[in-house]
Each structure stands twice: as C-alpha cells, then as structure tokens.
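# The amino acid sequence is not available; the structure is as follows:
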C-alpha cells in the first residue's frame with residue numbers, strides 16, 4: 001500500500017527531538033541546554049561557509065527542538081504524543097507482520113488483486 005511505503009520513509013527520515021540534540025530521553029534541563037549550545041555552535045550558518053543552506057536548515061531544527069525540550073510543559077506534551085505515536089506504529093507493524101503474506105505489498109500482488117497503485121480497481125479504466 002502507498003501509505004505503508006510513505007510511513008516507512010517517514011520512519012527512517014524522522015528523528016526525535018532528543019536525537020536532534022543528541023541527548024537521551026531522560027536528560028536533565030542542564031544536559032539539554034549544553035547539548036543545544038554545542039549543536040548550535042557546530043551548525044550555525046556563519047560557521048559553515050559553503051554549506052549555508054544545510055547549516056541553516058539544521059540550525060533551525062536544533063532551535064525548534066530546544067524550544068520544545070527546554071519548556072517543561074511542552075516537553076511533557078511532546079513525550080506523551082511521541083509515546084502514543086510509537087504505540088500506534090508498533091501496532092501497525094505487528095498487524096502487517098501477522099497478516100497473510102507478511103508485510104509484502106508489491107506491485108505484483110496489487111496486479112493480482114486487480115488494483116492500481118492507488119487502490120482503484122483496474123477495470124474502472126477499461127473500455
């Protein structure tokens with residue numbers, strides 16, 4: 001299914017705010033602040049001539065991560081939402097693995113089922 005493919009890409013590309021700053025989930029406020037300062041110095045656009053665009057994007061991600069993790073209320077909400085999402089993803093993966101044929105969702109299996117890539121019946125397009 002297309003949604004499964006997109007989910008896999010997002011799962012690989014998505015880093016947690018903790019990973020962005022390079023701290024464990026149980027980090028103290030001081031550890032988060034030190035990690036933020038270190039990462040901000042490393043990725044500041046003025047310190048990365050020739051790679052300003054990448055540095056600017058990374059620097060913004062670091063600032064956003066710190067803004068959330070440095071505020072106790074926002075961090076609590078982030079942790080709760082992240083934990084809920086992880087439970088949902090784990091449940092989806094478990095269901096896919098238990099389904100007949102496993103997590104297989106190839107174009108060949110869609111052809112056998114008579115569906116196009118977007119899940120629309122192929123016969124709808126025949127004349």
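Received, thanks. Computed from a prediction, not measured in an experiment: that's the story for all the values here.
# buried residues in the biggest helix by length in the chain?
The helix that spans the most residues within the chain, counting by DSSP state H, is helix 72-98. Residues of helix 72-98 classed as buried by neighbour count (16 or more other C-beta atoms under 10 Å): 75, 78-79, 96. All C-beta spots, glycine's among them, are computed from the backbone N, C-alpha and C.
# Residue 19: which of those residues is nearest?
Nearest to residue 19 among the buried residues of helix 72-98, counting by C-beta to C-beta, is residue 78 at 12.8 Å.
# any chance of the buried residues of helix 72-98 in JSON lines, plus distance to residue 16 and pLDDT?
Shown next, in JSON lines, are the buried residues of helix 72-98 (distance: C-beta to C-beta, whole Å; pLDDT from 0 to 100):
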{"residue": "75", "distance to residue 16": "12", "pLDDT": "94"}
{"residue": "78", "distance to residue 16": "9", "pLDDT": "92"}
{"residue": "79", "distance to residue 16": "10", "pLDDT": "92"}
{"residue": "96", "distance to residue 16": "22", "pLDDT": "88"}
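# Give me the nearest residue to residue 39, chain neighbours excluded.
Counting by C-beta to C-beta, 6 or more residues apart in numbering, residue 39 lies nearest to residue 62, which is 4.8 Å off, once chain neighbours are set aside.
# which helices and strands does the helix or strand containing the one you found pack with?
Using DSSP states H and E, residue 62 falls within helix 52-69. Where contact means 3 or more C-beta pairs under 8 Å, 6 or more residues apart in numbering; DSSP states H and E, helix 52-69 is packed against helix 17-21, helix 29-43, helix 72-98.
# Reformat those helices as TSV; add distance to residue 56.
Formatted as TSV, the helices and strands packed on helix 52-69 follow (distance: least, C-beta to C-beta, whole Å):
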stretch	distance to residue 56
helix 17-21	15
helix 29-43	9
helix 72-98	23
